Each structure stands twice: as C-alpha cells, then as structure tokens.
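J.: can't give you the sequence, but here's the structure:
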Ligand code: LLP
C-alpha cells in the first residue's frame, strides 16, 4: 500500500538517508525535511522533471497517432505563475488564460501573443480588449460575445484567430461541478448556434478558424471523448456543406484525469487518451478531401498535478471518539478541493515513510481553520505520527494554489521549483502585510 502511495509522487521521488541516517523522502534531488526547514510550511513544490515528462508524453503521442498538424495548449487555470508560464512557453506550448488576470501573468512572463489563447464563459470588456490586443486565439463562448468582438474589432488591423466553443451535449464522468459538455451547461454553443456564428463571422469578415469543446475535467476513460468528437465532426461536415467553411483547428479541450490516491491506480496513460482522440478524429474526417484540422489538445491537471507535492507540519495529534486526528498547519485555505468536490488525497510521512506499519485507528487529517469541513484527508492508514512531523501530500500541483484563499487570515504558501538538487523559490509565502494591501481606509 505504501509502495503504491509512493508512485503517486513525482518521478524523482526517492528514499535516502537523511543526516541522522533515517530514510527520508527526496524529490528532485532535494531532502523534503531540509526544504521545510528552509522555506517553512505549508510548502508547495514542483518537480520540474515531472512537468517535462507529461509534456513530452503528449508531444510524442500526438506525433505518433495524429497524421495532421498538432499541438498542446496548457490550461493555465491549473497552475499559473511567471515560472510556469515561462516553462510551458519554452516547451512550445500555447498558454490558455482565463480572462485578463491570467493573460497579464502570461504577458509578464514574456509569452508571445501567438502562444496565448483566451478563454472565458462571460468575458468582461477588459477580458475582450486584452484578448484582442495580446492573444493569438480567442475561444468565443456565445453569440452575444461574438457580436461584441465584432464591434471591438472594427478599428483593428490585426485580429486573433477565433475558435467557436461547441457545447457537444455530452459531459464526462466526473464530479458534477466539473462537468461542462452537457446539453444544459452554461458553456459554449449548440450546433445551430455554431452555424449561426460561422455565418456571422463570414458576414463581418471575422477570422473564424476553429472549433473547441471541453466536456469536463478529471475523467479517466479515454473512450469518453468519442460521443462528443462524433458530434463535433458531424458539425464540421455540416459547416462545410451549409457554409462552405472548414475548421483549420480543432481543440477537444482538456480534462484528462490523474491518480490522487492509491485506489485510483492503475491509471490509463496519456498516450492512450491522445491515441483514442487522434484516431477517432482522423477517421471521422477521412471521407473529406480537405486537410485535417490542427489537433490542439488542452490539458492542465495531467501536465502539472503529479509534479506537485504539498508539505505540512503536524501541530497537534488528538483523539476524539474513535478518531485519530492529525491537525496540520494548512488545509482548506490552500486546498479547497476535498471540501468542494470530495476529492480524495493520500499522504506519507517524510521521515521513514515506508518502515513503520500503519496503526489503528486510521488518521483523519485536518487543517487549522474554523470549519469542520476543513478536512484534508479522511480515514487514511498511517503509522503512529508524532507532533512536529512532516507529511507530504502527492498530486498537489493542479488547482490547489489557484483556488487558495486567505480564509481566517491564512497566508498563501510559498512555491518552489526543484531540479537536480536545487530548490528555487518561485512564489514567496504571503505575509501579514499582504493581507492589508487592498484595504484603502
Ligand atoms: N480547457 C477548458 C476549457 C477548461 O475549462 C479546463 C478546466 C481545461 C481545459 C483543463 O482541464 P484539466 O486538464 O486541468 O482537467 N478546479 C477543478 C477543475 C476545474 C477545471 C476547469 N476547467 C479541480 O480542482 O479539479
């Protein structure tokens, strides 16, 4: 069980004797005890090699399985900061920004406009203006948005490519808060609206260049993309017949899941997901004598989640009723996912993680916040844990920090990037003074 748990961690996870001779977890060649001492806890870390490897897995799978042009967009909502935007851009990925805020970060990181894509279901004026000025692609969610773009585009010489977001009518199997493709979802346009959108672009000389859909986030069976792909390919055919319009690009969005807990293992590979998508698309469009659209996949979580580890220190160990409580120095303020989606995580002690057998009862891990919902992990087999010990939570690299809050005056944690034994601080911990920055009276 502990061995399976170890495989949830970044590729570079290793057990090496610490200075006192007891084995301790290392990631990216760095001793996690030493990182906690240097940067304090709660601490988030990324192992850079474990970001590079899924990026490569997508790239290799696309070139192996798709006969047309292809690329990857990184869904920045999973984890966006200057270092991450630079890393993804350096890998040649397009960076997907939801709104002007993320777009500002991508620009500050030096991502060129051609590698910026703007998303958003209800884009503000500021979002659209930033997108028109600085993005290479805007994914248009709805017809009123298209009309607003037409107005704003009036005085411009250059325009980003416009992709139309299709609502395929099929969601993936995931928590309902993460489903987006169903017929009554707030996202995207149905087939008739897409035909109308293409006609509108043709009338207004707007550069409609592609179609986009996203069925939801964190699904585990590659075949789940097939019904939506079939619907979208039928729409491509209809647009060709009715509007003489051909999609130069098609994005099936993102959403590929990962293993957060040992019970989620084994997990289907990225290659299987890409191969299933690529083969179905190429096959469906093979009867047209037109060039295959560029297949632009848009993963977030599957690129960065496994690279991330959250480190917490156990402050208090308590018994209450039949429960063993481990109270940590972080919780729902840096990871709202268990409270919001019942997300199920796992953890290992940093010191001697495999050598100590689990004890009864299982552990309940919670944070310091004034909410009984501040529960990080329920009912986890763990050895006897002492106060002051460090616990490492794997699969922490996606969405957690992006959804972090200052609840109860929490200070958002520091973030480090690890590579070859070096730990670079990429985002400092918030200070109590940061909590006052926006107050004006
Ligand atoms: N493309 C679009 C249009 C999206 O809305 C999303 C995620 C993605 C791509 C990337 O999905 P991924 O590959 O990361 O699953 N906060 C939730 C996830 C919400 C995802 C929203 N959209 C969580 O913590 O699980």
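T.: That came in fine, so what should we check first? The structure displayed is predicted, hence computed values, not measured ones.
J.: Please name the residues that touch residue 246.
T.: By Cβ atoms under 8 Å, 6 or more residues apart in numbering, the contact set of residue 246 is 236, 239-240, 290, 293. C-beta here means a position set from N, CA and C on the backbone, and glycine is covered the same way.
J.: can I get these in a markdown table with neighbour count and secondary structure?
T.: A markdown table is the format used below for the contacts of residue 246 (neighbours: other Cβ atoms under 10 Å; DSSP: H, G, I helix; E, B strand; the rest coil):
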| residue | neighbour count | secondary structure |
| --- | --- | --- |
| 236 | 22 | helix |
| 239 | 22 | helix |
| 240 | 15 | helix |
| 290 | 12 | coil |
| 293 | 22 | coil |
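J.: with these in mind, which one is nearest to the ligand?
T.: For these, the minimum distance to the ligand (Cβ to the nearest ligand atom) is 17.2 Å, reached by residue 293.
J.: and the gap between the closest one and residue 118?
T.: Residue 293 sits 20 Å away from residue 118, taking Cβ to Cβ, to the nearest Å as the criterion.
J.: do the same with residue 393
T.: Distance from residue 393 to residue 118, counting by Cβ to Cβ: 32 Å.
J.: Then residue 237?
T.: For residue 237 relative to residue 118 (Cβ to Cβ), the value is 28 Å.
J.: Which residues does the helix or strand of the chain with the lowest mean pLDDT contact?
T.: Every helix and strand of the chain was ranked by mean pLDDT, DSSP states H and E. The lowest is helix 2-6, at a mean of 91. Helix 2-6 has contacts (Cβ under 8 Å, 6+ apart) with 13, 262, 265, 346-348, 353-354, 394.
J.: Quick one: those as a markdown table, columns for distance to the ligand and pLDDT too.
T.: Converted to a markdown table, the contacts of helix 2-6 look like this (distance: Cβ to the nearest ligand atom, whole Å; pLDDT from 0 to 100):
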| residue | distance to the ligand | pLDDT |
| --- | --- | --- |
| 13 | 22 | 98 |
| 262 | 19 | 96 |
| 265 | 18 | 96 |
| 346 | 16 | 98 |
| 347 | 18 | 98 |
| 348 | 22 | 98 |
| 353 | 26 | 96 |
| 354 | 29 | 95 |
| 394 | 15 | 98 |
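J.: Filter the residues you listed down to the buried ones and hand me the ChimeraX line.
T.: ChimeraX command restricting those to the buried ones, with burial defined by 16 or more other Cβ atoms under 10 Å:
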select :13,262,346,347,348,353,354,394
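J.: In strands, which of the contacts of helix 2-6 fall?
T.: Among these, the ones falling in strands (DSSP state E) are residue 348.
J.: Residue 72 should be in a strand, yeah?
T.: Yes. Counting by DSSP: H, G, I helix; E, B strand; the rest coil, residue 72 is located in a strand.
J.: Quick check: phi and psi at the closest residue to residue 54 other than its chain neighbours.
T.: Leaving aside its sequence neighbours, residue 54 sits nearest to residue 303 (Cβ to Cβ, 6 or more residues apart in numbering; 5.1 Å). For residue 303, the backbone dihedrals are phi -90, psi -30 (criterion: degrees, to the nearest 10).
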